[in-house]
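Colleague: structure, please.
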Amino acid sequence: MRLSPDSNTSLIGRRRGTPRKQNLVLNQKSILVLAALCAAIFLMGLVVGTHIFGTPNSNATNNSNNNGESQHKNAESSPLAAATANKHLSENIQNLILESAKAELIEKQQHEQEVEALKHGNVKEALHLKGMQAPGDANYNPHHAVDDVAQLEVPLNEAVEVGEGDGAMYAGDIGDHVLHEEEKKEIPKMELIEKEDMHNHFAEAVKNEAVESEKKKSLREKLHDLKAEAAEVVKHGLRGAIGNIQNKVTTDSKVDFVKGESSYYPYMTLPVPENYDFKKYEPLGGGRFAEYKDGDSPYAITDKLKEQSDELARSRRVHVLNAMKHVWKNYKEKAFGSDELHPISGRVTQNWGGMGTTLVDALDTLWLMGLKDEFWEGRDWVRDKLSNTPSGDVSGFETTIRSLGGLLSAYDLSGDKAFLEKAEDLGSRLLKAYDTKSGLPHGSVNLQNGASHNFGWFGNQFVLAEVGTQQIEYRYLSHATGKDEYAKKADRVFDILYEIMPEDGLLGEGLKEDSSGGAFFSKGKVSFGAMGDSTYEYMIKLWIQSGRKEQRFREMWDKSMNGVHSQLVQKSNPNGLTYLADRENGRLNHKMDHLACFMGGALAIGAYTDPMGLDSVRAQRDLKTAKALTYTCYQMYARSATGISPEFVQFGGSNDFSIPSSAPFYILRPEVVEAFYYLSALTGDPIYREWGWEVFQSIEKYCKTEYGYGSLKNVDNPSMPPEDRMESFFLAETMKYLYLLFDPDSEIDILNKHVFNTEAHPLKVFKDSN
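Modeller: Below is the predicted model of the structure:
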């Protein structure tokens with residue numbers, strides 16, 4: 001839930017073408033004949049490429065550097081390299097390539113063993129490798145001996161040199177064939193070593209498919225694009241050429257995926273160079289990655305795949321770090337210690353009482369990114385200059401999650417007590433908002449005199465998302481100081497919510513006090529977006545923070561998730577995207593806020609920590625919904641012209657959802673990349689890093705300004721410049737989750753050691769329940 005400081009209302013909470021068509025049309029039989037022909041000539045001179053599905057070793061890298069010009073020249077003349085860099089190969093053609101390569105690999109290895117045997121005078125073994133009989137064999141015919149020996153390719157006892165690189169392969173393992181024990185080696189999953197003649201034949205088949213699927217585009221233009229693309233791929237190394245195929249599939253192409261896990265993963269790409277130009281990035285459009293739409297796991301996530309994903313992620317992590325450096329440099333020069341820096345004008349504002357909100361909110365982001373000098377400079381400002389007594393009232397909720405949470409996280413990470421001292425001072429002042437008849441905290445509080453009240457724009461009622469999203473912070477403060485008053489007052493809220501929770505577990509967004517000191521739901525609207533979202537988030541996270549011991553929180557979470565699945569989970573038309581509707585007065589409103597996308601991460605962590613086990617029906621239900629919902633949230637980004645999501649979308653009509661005229665804006669929100677991070681960390685599926693990289697590229701292209709990053713007024717208008725507004729949560733959440741998404745080396749462990757508050761401030765879980 002977010003409160004907008006600028007209003008009195010709550011905002012809470014590939015298409016590359018086909019090669020030119022030739023006169024020759026290949027059918028399946030012709031392709032098989034060509035494959036056999038290729039197998040016969042494939043042992044000729046080859047140009048060695050890098051592993052598509054393996055991490056290039058130093059030798060391969062050096063070889064690539066030393067022969068880059070030669071590789072570039074060969075690739076430009078290779079139709080297959082061009083075609084496969086830009087098209088998704090059908091299953092038949094992929095199998096054809098794999099089987100041909102498998103045969104080539106076996107023949108190459110047997111030939112090398114035969115030569116080696118002859119070098120050592122072992123004629124018997126050489127004959128066996130040729131499939132022939134030798135003296136001593138049961139069925140040996142001495143009349144065939146002379147002829148058999150004559151068929152050996154190398155004269156006996158003649159010194160033989162076996163050249164490196166003899167033979168070629170595209171991919172695969174040795175299947176059912178058995179090698180001698182001393183010859184058994186790990187066969188790479190995919191290795192691309194080109195031979196122009198073979199490629200020409202396979203390219204014909206690829207081009208034939210391409211013509212059928214994309215007839216509308218000029219074939220001549222497509223061939224030109226393909227050649228340019230192939231040259232670029234070879235320039236950086238051929239690993240990833242076929243891995244890029246899927247990302248080039250047009251949105252109207254129909255690709256059938258086999259149900260269940262496949263060992264083939266089509267989305268691995270090349271590491272990102274340090275000089276990558278984000279200005280050249282163009283959003284790729286929606287409708288892609290359709291095999292993830294229903295929350296399925298279509299590919300096997302192997303250790304090798306994770307290693308490749310980690311390597312790629314590290315190359316992307318550098319760019320997120322550079323983005324943070326860009327902002328912090330300007331914040332330090334123009335606004336250090338101020339609440340907000342305006343990213344276009346460079347002006348400074350004190351929207352949150354002049355408490356250094358951006359600085360405090362970003363401290364743990366600096367720490368986790370390794371910007372320790374900047375972190376300690378921030379510590380000095382907090383210790384020496386931070387004042388928790390601004391004039392006027394502040395939002396108790398926003399100050400708790402941003403400032404109190406930021407100070408506590410900085411203390412938790414660094415152990416510096418200057419942060420804890422300031423946190424306790426702030427917490428003791430904020431706690432005055434809990435001095436109400438029911439114990440529910442007022443929305444606004446004066447940190448100087450302790451006076452508090454609710455907001456008039458909400459009818460002086462208590463907001464669900466505000467009262468239920470402060471407990472992680474106060475419980476940690478009690479844990480760190482040994483003073484239980486903070487936790488006791490904050491926990492009173494969940495005592496009330498537990499007592500009045502409906503049978504379906506879905507809570508109204510507004511509450512009022514009753515005469516007996518309790519409370520009741522005064523507004524029946526149910527939403528996992530604005531006004532309600534983070535209370536559900538804290539149900540599961542409070543249970544995790546307690547060391548998974550305080551079962552009341554888990555019980556509330558599971559009850560609410562049952563209600564979500566029975567009433568709010570919906571499917572769109574025509575593509576069946578999963579979304580969460582709002583419910584008001586018993587009727588569904590088919591809209592979904594960007595804020596609601598936090599549920600992708602919350603459902604996932606709930607599934608992975610389910611007391612019934614991850615394999616239980618309930619956990620699998622929640623995990624499947626988490627994945628499907630996150631795919632929809634990704635589509636909210638991918639389908640806009642800028643590749644960035646609006647504030648909310650309205651489901652209905654003939655194209656799943658639309659962007660309402662009242663909500664085309666983007667204020668640098670984090671919830672979608674938050675879900676990407678959780679699912680990436682928990683499942684290991686690299687797809688969430690791919691989606692996150694697309695989002696980051698769009699932010700870099702459309703939101704970056706001279707002094708920071710600005711909000712967008714209309715995500716469907718790429719020509720519209722960003723606005724002069726940058727919320728502190730952009731640094732605290734959006735940048736942090738993006739960095740962690742690409743940081744396989746992080747100290748953060750969301751499954752065993754840490755819990756994030758709703759502002760993405762990580763805190764260690766308690767080792768005991770006290």
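Colleague: so where's the stretch 601-750 of the chain uncertain?
Modeller: By pLDDT under 70, the stretch 601-750 of the chain has no low-scoring segment.
Colleague: all strands for the stretch 351-500 of the chain, in order.
Modeller: 393-395, 444-446, 452-453, 462-463 (DSSP state E, counting those that start in this stretch).
Colleague: same list (the ones you listed) but as TSV, adding distance to residue 754 and mean pLDDT.
Modeller: Bear in mind the C-beta positions are built from the backbone N, C-alpha and C, glycine included. Shown next, in TSV, are the strands of the stretch 351-500 of the chain (distance: least, C-beta to C-beta, whole Å; pLDDT from 0 to 100):
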stretch	distance to residue 754	mean pLDDT
strand 393-395	26	97
strand 444-446	29	98
strand 452-453	31	98
strand 462-463	27	98
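Colleague: of these, flag the one that's most buried.
Modeller: For those, the largest average neighbour count (mean count of other C-beta atoms under 10 Å) is found in strand 462-463, namely a mean of 26.
Colleague: remind me what it packs against, helices and strands.
Modeller: Counting contacts by 3 or more C-beta pairs under 8 Å, 6 or more residues apart in numbering; DSSP states H and E, strand 462-463 packs against strand 510-513.
Colleague: which SSE is immediately downstream of the strand it packs on?
Modeller: Toward the C-terminus, strand 510-513 is succeeded by strand 519-523 as the next helix or strand (DSSP states H and E).
Colleague: that older thread, make JSON lines out of the strands of the stretch 351-500 of the chain and add distance to residue 387.
Modeller: Shown next, in JSON lines, are the strands of the stretch 351-500 of the chain (distance: least, C-beta to C-beta, whole Å):
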{"stretch": "strand 393-395", "distance to residue 387": "12"}
{"stretch": "strand 444-446", "distance to residue 387": "14"}
{"stretch": "strand 452-453", "distance to residue 387": "19"}
{"stretch": "strand 462-463", "distance to residue 387": "27"}
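Colleague: to residue 756, which of the ones you listed lies closest?
Modeller: Smallest distance to residue 756 across these (C-beta to C-beta): 20.0 Å, for strand 393-395.
Colleague: so which of the strands of the stretch 351-500 of the chain gets nearest residue 647?
Modeller: Nearest to residue 647, of the strands of the stretch 351-500 of the chain and by C-beta to C-beta, is strand 462-463 at 18.3 Å.
Colleague: and for the closest one, what are the contacting residues?
Modeller: 1, 10, 12, 397, 440-443, 454-455, 509-513, 519, 531 (C-beta atoms under 8 Å, 6 or more residues apart in numbering).
Colleague: that one: partners in the sheet, and parallel or antiparallel?
Modeller: Using DSSP bridges, the strands paired with strand 462-463 are strand 510-513 (antiparallel).
Colleague: model confidence over the strand it pairs with, on average?
Modeller: The predicted model assigns strand 510-513 a mean pLDDT of 97.
Colleague: for it, buried residues please.
Modeller: By neighbour count on 16 or more other C-beta atoms under 10 Å, the buried set for strand 510-513 is 510-513.
Colleague: nearest to residue 480 among these?
Modeller: residue 511 (29.4 Å).
Colleague: the closest one contacts residue 461, correct?
Modeller: Yes: applying C-beta atoms under 8 Å as the test, residue 511 and residue 461 come out as touching, 6.3 Å apart.
Colleague: name the residues contacting each of the two.
Modeller: residue 522.
Colleague: OK, contacts around residue 711?
Modeller: Neighbours of residue 711 in contact, by C-beta under 8 Å, 6+ apart: 665-668, 703, 722-723, 725-727.
Colleague: same thing with residue 418?
Modeller: 379, 382-383.
Colleague: between these, which has the most around it?
Modeller: Using other C-beta atoms under 10 Å as the neighbour criterion, residue 382 leads the contacts of residue 418 with 23 neighbours.
Colleague: can you tell me which residues contact it?
Modeller: Contacts of residue 382 by C-beta under 8 Å, 6+ apart are 356, 359-360, 363, 407, 410, 418-419, 422.
Colleague: 10 Å instead?
Modeller: Counting by C-beta atoms under 10 Å, 6 or more residues apart in numbering, residue 382 makes contact with 337, 356, 359-360, 363, 406-407, 410, 416, 418-419, 421-423.
Colleague: now residue 704
Modeller: Contacts of residue 704 by C-beta under 10 Å, 6+ apart are 278-279, 323, 326-327, 343, 710, 722.
Colleague: who wins for neighbours among those?
Modeller: Highest count within the contacts of residue 704 by other C-beta under 10 Å belongs to residue 343, 26 neighbours.
Colleague: tell me which element residue 721 falls in.
Modeller: Using DSSP H and E, residue 721 sits within no helix or strand.
Colleague: against residue 712, how distant is it?
Modeller: 9 Å (C-beta to C-beta, to the nearest Å).
Colleague: mutual contacts of the two, please.
Modeller: With C-beta under 10 Å, 6+ apart, residue 721 and residue 712 have common neighbours 702-703.
Colleague: just give me the longest helix of this protein.
Modeller: In the chain, assigned by DSSP state H, the helix with the most residues is helix 303-334.
Colleague: rewinding a little: would you format the contacts of residue 711 as JSON lines with secondary structure included?
Modeller: Below are the contacts of residue 711 laid out as JSON lines (DSSP: H, G, I helix; E, B strand; the rest coil):
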{"residue": "665", "secondary structure": "coil"}
{"residue": "666", "secondary structure": "strand"}
{"residue": "667", "secondary structure": "coil"}
{"residue": "668", "secondary structure": "coil"}
{"residue": "703", "secondary structure": "coil"}
{"residue": "722", "secondary structure": "coil"}
{"residue": "723", "secondary structure": "coil"}
{"residue": "725", "secondary structure": "coil"}
{"residue": "726", "secondary structure": "coil"}
{"residue": "727", "secondary structure": "coil"}
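Colleague: helices of the stretch 251-400 of the chain, residue ranges please.
Modeller: 303-334, 357-368, 372-385, 396-399 (DSSP state H, counting those that start in this stretch).
Colleague: swap that for the stretch 651-770 of the chain, please
Modeller: 671-683, 687-702, 729, 735-741.
Colleague: in stretch 371-382, what's buried?
Modeller: Within stretch 371-382, the residues that count as buried by 16+ other C-beta under 10 Å are 371, 374-375, 377-379, 381-382.
Colleague: tell me which of the helices of the stretch 251-400 of the chain sits nearest to residue 581.
Modeller: The nearest among the helices of the stretch 251-400 of the chain, by C-beta to C-beta, is helix 396-399 at 25.0 Å.
Colleague: dump the closest one to CSV, keeping only the CA atoms.
Modeller: The C-alpha trace of helix 396-399 is given here as CSV (Å, rounded to 0.1, in the frame of the first residue of the first chain):
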residue,chain,number,x,y,z
GLY,A,396,2.4,6.5,10.6
PHE,A,397,2.3,3.7,8.0
GLU,A,398,4.7,5.2,5.5
THR,A,399,7.1,6.4,8.1
